[in-house]
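Chemist: just the structure for this:
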Amino acid sequence: MNDASLSAKLTSPAFKYLLAALFVVGVFLSFLVKGAMILYIVLIIPLVVLFLLTLFQNPKFGIYSSMFLSFLIPTFSKFVYDLPYGLAVESILILTYVVLFFKHFKKIDFTPAKNSIVLLIFVWMGYIFLQLANPEAKSLLAWAFAMRGIALFQLLLIPLAFVLLNTKRDLIQFIVFYFAMTLISLIWAAKQHQIGLTAAETNYLYSSGAAKTHILFGKLRVFSVYFDAGTFGAAAGQVCIISALLYLGPFRKLYKYMFLAMAIFAFYGMMISGTRGALAIPAVGTIVYVLLIKNLKYIFIGVAILAFGLVFLKFTTIGNSNYDIRRLRSALDPEDASLNVRLENREKLSVYLQGKPFGGGVGSVGFVAQEFSPNTWLAGFQTDGLYTRIRAETGIVGYSLYLCIWLFILYKAFRVCWDLKDPKHKSLATAFLASYAGVLVSNYGNEVMTQYPINYATFVTLAFIFIIKKWDDKALEKANTSTINSEKETLTHSY
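Modeler: Numbers count the residues shown, from 1 in each chain. Down below sits the predicted model:
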């Protein structure tokens, strides 16, 4: 077998996906039996070697293998050992950078990562580093753990997406991979809803205390393979709006039917999750689509769907006998008890943060704070949303900077989608933008953008919006060049 043949086999998609599965499963199997740890480590060494060889051959493998791992993290955190598995994801991404710089530095063009999006991500990371000097911060270790989700992960992934995922084949592979993994989670969710939980899942709910938030009035809030029902609902809502808008795009009928089926299945998943905040993702996404589509027919359809949904949930009691519809309807009830508790908590936070413009320090709330600074007021504070967490940890200064960064990126992405000419490009970018806008709003009630694997889809599809713009510009330039050449030939023949 020659080197070219071996390289081709090592870099084939089938081999990469199989190796990713073997490597990740092997890593976690090493934790199953403590007494056999050394044996498992010995057995996993060949897989590690193969993993590194494949990564050196094709750095894109780092993105896909870490993404696959992100789907497994919730399951292993709940049912194996509760370890910081996210460190493995970040380690793979860092290792991918090492491979790029030492093996592919001359081959790969890094200029796509030189843009305002990446610059703003670095600005936010800089502010998080400045938080080390926050006089209110209680623990360096808490900072190190907490900053990964709100700053480090996006800093690692977004530039890599710009540099490595820059072809149409990359986009198709990403959509297929993410949709396939989500489809598996939706099938498992349907199983939980229709048949019931496994013994391990039931034991987890009651032993961890999660039953208080996942079994309400005798009804299960389905969580599938995710950390909780909130994360699953948001993930389903994200796939729902992307699939629905791609169904409306100028694609082949077979693909359109597949997108429609995925959208319906994902909407079902969102409903059975009982996650009211997830409703914001398809709702806001539809609004974005209506603003961008520039087609009166689809504008009318979009407005009609939104109006019907609002009237159905807000002004009728149809379907109230169904728990899932009844819970979703409570999202629009201003007298909802949980909403009022949330608002009261945020008022208390405002009082606490008086005189603290930089907040209580990164890692001062949530489970990280309960581990490293359990006796502080913020350690017991329920954030109930990403933006509230950012305000608590980084103060009004960090909160304002964080919102400005993501809203500016939203504005830039909107401008990109508005100016796109190719119908397929516009359809893809609009679907991704609609998802991103919905996630931004959903962050108000849940920490959506910091949860695996939603953060993967959010950040990669966000990068694809700007990558698609380059494809569109090249296509337009090529068309203009062709037109000019045709005109020159016409003039030449006329003389």
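Chemist: helices of the stretch 201-350 of the chain, start to end?
Modeler: Listed in chain order, the helices found in the stretch 201-350 of the chain under DSSP state H, counting those that start in this stretch are 211-214, 229-247, 253-273, 280-292, 296-315, 323-329, 337-352.
Chemist: which element follows the last one toward the C-terminus?
Modeler: Moving toward the C-terminus from helix 337-352, the next helix or strand (DSSP states H and E) is helix 366-372.
Chemist: that next one packs against which elements?
Modeler: helix 140-147 (3 or more CB pairs under 8 Å, 6 or more residues apart in numbering; DSSP states H and E). From N, CA and C alone the C-beta is placed, and that goes for glycine too.
Chemist: chain center to the helix it packs on: distance?
Modeler: Its chain's C-alpha centre and that of helix 140-147 lie 22 Å apart, by CA atoms, centre = their mean, to the nearest Å.
Chemist: show me what that helix is packed up against.
Modeler: With contacts taken as 3+ CB pairs under 8 Å, 6+ apart, helix 140-147 sits against helix 366-372.
Chemist: neighbouring contacts of the helix it packs on?
Modeler: Applying CB atoms under 8 Å, 6 or more residues apart in numbering, the external contacts of helix 366-372 come out as 138-139, 141-142, 145-146, 363, 376, 378-380, 383, 389.
Chemist: could you do stretch 96-103 as well?
Modeler: With contact meaning CB under 8 Å, 6+ apart, stretch 96-103 is reached by Leu55, Phe56, Pro59, Gly62, Ile63, Ser66, Ile108, Leu156, Leu160, Val163.
Chemist: most surrounded residue in these?
Modeler: Ser66 (28 neighbours; other CB atoms under 10 Å).
Chemist: contacting residues around the closest residue to that one other than its chain neighbours?
Modeler: Leaving out its chain neighbours, the residue that sits closest to Ser66 by CB to CB, 6 or more residues apart in numbering is Ile92, at 4.1 Å. With contacts defined as CB under 8 Å, 6+ apart, Ile92 is in contact with Gly62, Ser65, Ser66, Leu69.
Chemist: any idea which element Ile92 lies in?
Modeler: helix 86-103.
Chemist: gap between that helix and the chain center?
Modeler: Centre-to-centre, helix 86-103 and its host chain are 19 Å apart (CA atoms, centre = their mean).
Chemist: what pLDDT, on average, does that helix get?
Modeler: The average pLDDT within helix 86-103 is 88.
Chemist: buried stuff in the following helix or strand past it?
Modeler: Downstream of helix 86-103, the first helix or strand assigned by DSSP H and E is helix 116-130. Neighbour counts over helix 116-130 (16 or more other CB atoms under 10 Å) mark Ile117, Val118, Leu120, Ile121, Trp124, Met125, Tyr127, Ile128 as buried.
Chemist: stretch 214-230 too?
Modeler: By neighbour count, with 16+ other CB under 10 Å as the criterion, the buried positions of stretch 214-230 are His214, Leu220, Arg221, Val222, Phe223, Ser224, Val225, Tyr226, Phe227, Asp228, Ala229, Gly230.
Chemist: how far is it from where the chain is centred?
Modeler: Stretch 214-230 sits 20 Å away from the centroid of its parent chain (CA atoms, centre = their mean).
Chemist: could you tell me the end-to-end distance of it?
Modeler: Terminal residues of stretch 214-230 are spaced 10 Å apart (CA to CA, to the nearest Å).
Chemist: correct me, but Ala280 touches Asn443?
Modeler: No: when contacts are counted by CB atoms under 8 Å, Ala280 is not listed as touching Asn443 (9.0 Å).
Chemist: just curious, which of the buried residues of helix 116-130 is nearest to Ala261?
Modeler: Taking CB to CB as the measure, Ala261 lies nearest Ile117 of the buried residues of helix 116-130, at 32.8 Å.
Chemist: contact partners for that closest one?
Modeler: Counting by CB under 8 Å, 6+ apart, Ile117 makes contact with Ile158, Phe162, Ile409, Lys412, Leu462, Ala463, Phe466.
Chemist: phi and psi next, for the residue lying closest to the first one once chain neighbours are set aside.
Modeler: It refers to Ile158. Closest residue to Ile158 apart from its sequence neighbours, by CB to CB, 6+ apart: Phe459 at 5.2 Å. Phe459 adopts backbone torsions of phi -80, psi -40, taken as degrees, to the nearest 10.
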